[in-house]
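> The following block contains a protein sequence and its predicted model.
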Amino acid sequence: MVQSKKQKYLFLAFCLVPTFILFAIFTLYPLFSGLYYSFFDWSGSSSNKTFIGFGNYIKLFHDAIIPNTIIHDYFLVVTKVIGIMVLAMFFAVALTQLKIKEAPFYRVVFFFPNIMSVVVIGILWTFIYNPSIGLVNSGLEFIGLESLAKPWLGDETWALPSLVLPSVWAGIGLFMLMLIGGISNIDKSYYEAAEIDGATQWQQFWRVTVPLLWPQIKIAILYIVITTLNGSFVIVQVMTGGGPNNATHVMGSYLYQQAFVQFNFGYGATIGVMILVLSLLTVLILQFFMRREKVDY
Amino acid sequence: MKQLQKGRGWLLFALLLAFAIFISACSSDDGNTDPDSTSDGAEKPSDSTSDGTDGGISGDLEIQYFVGGYGDSWWKEVIADFKEANPNVNIIEHAGPNINEEMRSRWVSNNPPDVVYIDGAGSSETQMVEDGQLMNLTDWVKEIELDGGDKLIDSFIVAPASYDGDIYSLPLVFDTWGTWYDRALFNEKGYEVPTDFDSFMSSMEKIKEEEGIDPLVTSGQHPYYFMRGMLYPAFAAAGGEELLGDLISGAEGAWSSDIVLETMKKVEKIQKAGLFDSGLGALNHTQSQMNFLLHKNAFVPVGFWLPNEMANDIPEGFDFGFIPSPMQDAGEPFAIVPDLRPLAIAENAKNPEAAKAFVAFAFTREYAMSFSEHTGAIMNINGVDLTENEKVPSYLTEANAMINDPEQVQIYEKPYPMSADLETPLGNALMSLMLGNMTAEKFVEEAEKAAAEYRSGL
């Protein structure tokens, strides 16, 4: 039976309209209302709003804390991408190629942090970093390096780097599974052929695994970048609250502070617009740099 | 072709429909307020006098109160009594530790509760007055009388905050920041309870040496604990109410004045002597208070709510001792800067008569007494004798006696709470100073800059 055009469009509408409605309500509307509020001087806790045009944007460019929050965000992006990708790749390759008997057990163990809420992870690591009862300092003392012990999260220099470890720890599992999935799709005969040709394990990794795994690697990196730019707020808020002296504020946590602690909701919305623009730009640039021909052997 | 166009028309119609649903979903806020506003008509404002004992008021009365260190048992008691006295009023309570956040959308959509107790994170009296959310109570408050016939307005310990001569809130809780220590430990080891800055330093140095701990702790995540608990009294002791008011309003030159610099030098001195907890930068307020209870530190600046807030974690034998923060020079009396938590009525209250009746009902000497029993803090009504009451903790009766002796303690009132827009940058610089990354001179410079920015944003 040949479908009439009408039936076809009816079916299309049936599929598209509900999604579009949900998308409009939960994505487009907040997006545009955020943009709208960024033009107002509004405390966020009353119905009084004053239109101030680009006032908030001018303030944004003069705010001395903003450049630091951007730097902190990209510091986390870079360290997290490197940390997570290197470790996730290492574990993925180890668990698939090295024929470890306990591989399924490790898979579960490494994935464990992913099923924990970031808030729980943050609180857990706050205890680990605790200057007097924490694991880190007592560990350093145990191996005789007590001179290195410090109040990690309470130190203006070390607070931000200290946030990297829990973020990486929390992120490895998911990407490891993603890479394992990719690796197990690579035909074993490639490795056998490479071995016959005399390629070392290292060469096999760079010449076979990485090129064939590139689509997964690319997605993993993009995903880490986006979630860090949008979501590092949680770990900062739980572990340091942006302090000491703004040393760990990322764009998201600064937005929260402005909008909900200092009652500058309009300005908070402006920071939100900035996060959106920066995330889009970053993703576009990354897409451009990570473009590669699809490899097929 | 015709078919195709018809199909397109259909799609367009579907999209329009979707948009219409979306728009109506967005404007549902207005719809929500309708059922509530009908209760406006149902309730008949009575001509009762506002002492609240008259049963002439009726309808729904919504009360929003924050539940923090003081708990909610006092509120439950007052509300139950009010219900009994006014059986026609249906009280709807909105309470909890996050209530300010939870009720925010109600305030934004101009559908606020009738009575609000302003306290806790996410609330700001100054902001609410600026946003015109609170009812002007200037004339009404003069009519209220206490049970003994005294005028309420003359019976406050600290008068209501004045915004260009107008009163928008009535201070319910008289709290004050001060410095806590464990009396049991001090008695046992013979440590000196400080009476001024010099003895504070010598006491802390001795404790550091003998106990092997960093004696002074505060919350680094919330630098305002140290600011309100230690610096306000220090500024007030040295510069009086005028300086304190200038500092809070960010007046030009106030933060770079000599008095501020000298006070910040004292903070620098504490830092240089290694008397601050080295890990305080990362601590939130509960962690800092926990460290204090565990004797990892000997002093902590907090308000009267500390024992109540930490009630479940107090080690056996711990005996709370309270002194006004000893930042003043030798020979000067202690300084106290009261911190008031007010009760207010919403400008858009739907049942203003019942709201007024409730507020008047809560301000009595009887409830002031029971407030101290329930919370370990003081209600802002004078003439309440706590000494005879065994249910009131000893630190409170002692502190109360001390506060009432002008030889020992001077009370300095601040005009209104500092805006978060000024307090945040000041707190950040203060934290840097306390961690030893900034000098007192640099702090003063940063603070003056923050005040200038705050003024320009007004």
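All right, it came through fine.

> Could you check how far whichever residue of the stretch 51-200 of chain B sits closest to chain A is from residue A:175?
Taking C-beta to the nearest C-beta, chain A has its nearest neighbour within the stretch 51-200 of chain B at residue B:131, 3.5 Å off. From N, CA and C alone the C-beta is placed, and that goes for glycine too. When distance is defined by C-beta to C-beta, to the nearest Å, residue B:131 is 46 Å away from residue A:175.

> So between those two, which is more surrounded?
Using other C-beta atoms under 10 Å in any protein chain shown as the criterion, residue B:131 and residue A:175 rank with residue A:175 on top: 25 against 21.

> before we move on, back to that, which residues touch the residue of the stretch 51-200 of chain B closest to chain A?
Residues touching residue B:131, when contacts are defined by C-beta atoms under 8 Å, 6 or more residues apart in numbering or on different chains, comprise A:43, A:45-46, A:48.

> what do you get for residue A:232?
When contacts are counted by C-beta under 8 Å, 6+ apart, residue A:232 touches A:73, A:76, A:163, A:167, A:250, A:252-253.

> what helix or strand does it sit in?
helix A:210-239 (DSSP states H and E).

> For that helix, buried residues please.
Taking 16 or more other C-beta atoms under 10 Å in any protein chain shown as the basis for neighbour counts, the residues of helix A:210-239 that come out buried are A:211-214, A:216-217, A:220-222, A:224-226, A:228-229, A:232-239.

> Next: stretch A:145-158.
Result for stretch A:145-158 [16+ other C-beta under 10 Å]: buried residues A:149-156, A:158.

> what's the closest of the residues you listed to residue B:408?
Proximity of the buried residues of stretch A:145-158 to residue B:408, judged by C-beta to C-beta, is greatest for residue A:154, which lies at 35.2 Å.

> from what I can see that closest one touches residue B:283, true?
Yes: using C-beta atoms under 8 Å, residue A:154 is in contact with residue B:283, at 7.0 Å.

> list residues touching both of the two?
Between them, residue A:154 and residue B:283 share the contacting residues residue B:220, judged by C-beta under 8 Å, 6+ apart.

> Distance of residue B:393 relative to chain A?
If you measure residue B:393 against chain A using C-beta to the nearest C-beta, to the nearest Å, the figure is 29 Å.

> show me what contacts the spatially closest residue to that residue that is not a sequence neighbour?
The shortest distance from residue B:393 to any non-neighbouring residue, by C-beta to C-beta, 6 or more residues apart in numbering or on different chains, is to residue B:376 (5.1 Å). Residues in contact with residue B:376 (C-beta under 8 Å, 6+ apart) are B:70, B:304-305, B:307-308, B:392-393, B:395-396.

> Okay, now the unreliable bits of the stretch 251-400 of chain B?
When residues are selected by pLDDT under 70, none of them lie in the stretch 251-400 of chain B.

> which residues of chain B fall in strands?
Secondary structure of chain B by DSSP state E: the strands cover B:59-66, B:89-96, B:115-117, B:162-163, B:166-167, B:170-182, B:300-303, B:320-323, B:334-336, B:338-345, B:378-379, B:409-411.

> Turn these into CSV, columns for mean neighbour count and distance to residue B:238.
Formatted as CSV, the strands of chain B follow (neighbours: other C-beta atoms under 10 Å in any protein chain shown; distance: least, C-beta to C-beta, whole Å):
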stretch, mean neighbour count, distance to residue B:238
strand B:59-66, 24, 33
strand B:89-96, 16, 40
strand B:115-117, 26, 33
strand B:162-163, 15, 24
strand B:166-167, 18, 30
strand B:170-182, 24, 17
strand B:300-303, 24, 17
strand B:320-323, 20, 18
strand B:334-336, 23, 8
strand B:338-345, 24, 18
strand B:378-379, 25, 26
strand B:409-411, 20, 11
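
> Just send those back as CSV, with distance to chain A too.
Listed next are the strands of chain B as CSV, based on distance: least, C-beta to the nearest C-beta, whole Å:
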stretch, distance to chain A
strand B:59-66, 13
strand B:89-96, 15
strand B:115-117, 12
strand B:162-163, 15
strand B:166-167, 17
strand B:170-182, 18
strand B:300-303, 15
strand B:320-323, 22
strand B:334-336, 27
strand B:338-345, 14
strand B:378-379, 27
strand B:409-411, 29
